[in-house]
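Colleague: need a 3D model of the sequence below.
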Amino acid sequence: MEMKPKNTSGRISVRRLIKSFGYAVNGLRQVIRQEQNARVHLLVALCTVVAGCCFRISATEWMAIVLATGGVMAAEAFNTSIEALSDTVLPEYSENIKQVKDFAAGAVLIVALAAAVVGLIIFLPKIIALF
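Modeller: Numbers count the residues shown, from 1 in each chain. Predicted structure coming up:
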């Protein structure tokens, strides 16, 4: 695969920018299609948005939800990238590659647990107040 030179003129190419966003959207689509965990994270994110609307959470709470959700989805995309690259570079089983994949999966778990704590901090008091 031939690498194209970067735009060094300092000018913004709208066409190149649009293509770049297209590649990013395609990558996100592929992660969601190929990774079960990404679909679970997306479902949880949608439920969180519905809950946020129902409980009318504050702007600050929305910011925390958006950052936590974005962090989880980005971590899942990085994890998927690491797995795909690892499988391409070394298709046969390797204990070292397994360890790298486990590290990446562990990072997703850390971010997902932190996001769950954010959700509990925001929604648990509101749920308790209903009873």
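Colleague: only C-alpha atoms from now on, for both contacts and neighbour counts.
Modeller: Will do.
Colleague: which residues sit in contact with residue 82?
Modeller: Residue 82 makes contact with 101, 104, according to CA atoms under 8 Å, 6 or more residues apart in numbering.
Colleague: any idea how far it is from residue 112?
Modeller: Note on residue 82: its distance to residue 112, by CA to CA, to the nearest Å, is 18 Å.
Colleague: where does this protein dip in pLDDT?
Modeller: Counting by pLDDT under 70, the chain has low-confidence residues at 1-9.
Colleague: give me the helices and strands touching the helix ranked longest in it, please.
Modeller: Using DSSP state H to define each element, the chain has its longest helix at helix 95-129. Judged by 3 or more CA pairs under 8 Å, 6 or more residues apart in numbering; DSSP states H and E, helix 95-129 is in contact with helix 59-89.
Colleague: what angle sits between the helix it packs on and helix 95-129?
Modeller: If you take axes from the mean of the first three to the mean of the last three CA atoms, to 10 degrees, helix 59-89 sits at 160 degrees to helix 95-129.
Colleague: mind listing what's buried in helix 59-89?
Modeller: Residues of helix 59-89 classed as buried: 61-62, 64-66, 68-69, 71-80, 82-83, 86-87 (neighbour count, 16 or more other CA atoms under 10 Å).
Colleague: check stretch 25-33 too.
Modeller: Along stretch 25-33, the positions that meet the burial threshold by neighbour count (16+ other CA under 10 Å) are 31-32.
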